[in-house]
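Asker: Dropping a prediction and its sequence here:
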Amino acid sequence: EEAVEKYDADKEMEHRIERGRAAAELVFHDVANSTESSASHIITMRRLRDEEAPRIMETCPCPAAWITMWVISGSMRISKFRGNQPPLDVLVHIFLARLPNVDSDVVITLNMPLTNPQESQDRYEQGLAMLLGIVMSLDIKDWGFFGGPDM
């Protein structure tokens, strides 16, 4: 019986992880669509460990195992609001925390315009470090903002 419970818990976690991965990809593509991106490409995507967002994990009013957190980085060629100017190449870094008990997500998007293609690696690393710093310090003061019965 104990082995069956562990199997069920492992299966549930696999489903949470897969749903989180799919949601992170969806958010990336939603950002691309909303900015009228003519080209978009996911560069990296990874699940964050709890210790990479310590304040969220310390204060969340649900079991930590329920929350999956992702960072997805990519590039987009953005046309929206550019008028007659050529599209702008942008590196985009997105943090996504899934809060399944209230059917909500926390999303932080950081855009890093690329004016010089030779800077892309430096800008990528700089933007990713900046986003991870924001996530590390993110402190949700009122979880009730997200609603739901478990908050």
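Answerer: Structure received.
Asker: Give me the pLDDT for residue 72.
Answerer: The predicted structure scores residue 72 at 97 on the pLDDT scale.
Asker: mind listing the helices for this protein?
Answerer: Along the chain, the segments classed as helices by DSSP state H run 2-34, 54-59, 120-137.
Asker: The ones you listed into CSV, with extra columns for mean pLDDT and distance to residue 84?
Answerer: In short, each C-beta sits where N, CA and C put it, glycine included. Shown next, in CSV, are the helices of the chain (pLDDT from 0 to 100; distance: least, Cβ to Cβ, whole Å):
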stretch, mean pLDDT, distance to residue 84
helix 2-34, 84, 21
helix 54-59, 81, 43
helix 120-137, 93, 25
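Asker: Now that we have these, can you turn them into a markdown table and tack on mean neighbour count?
Answerer: Output for the helices of the chain, formatted as a markdown table (neighbours: other Cβ atoms under 10 Å):
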| stretch | mean neighbour count |
| --- | --- |
| helix 2-34 | 13 |
| helix 54-59 | 14 |
| helix 120-137 | 14 |
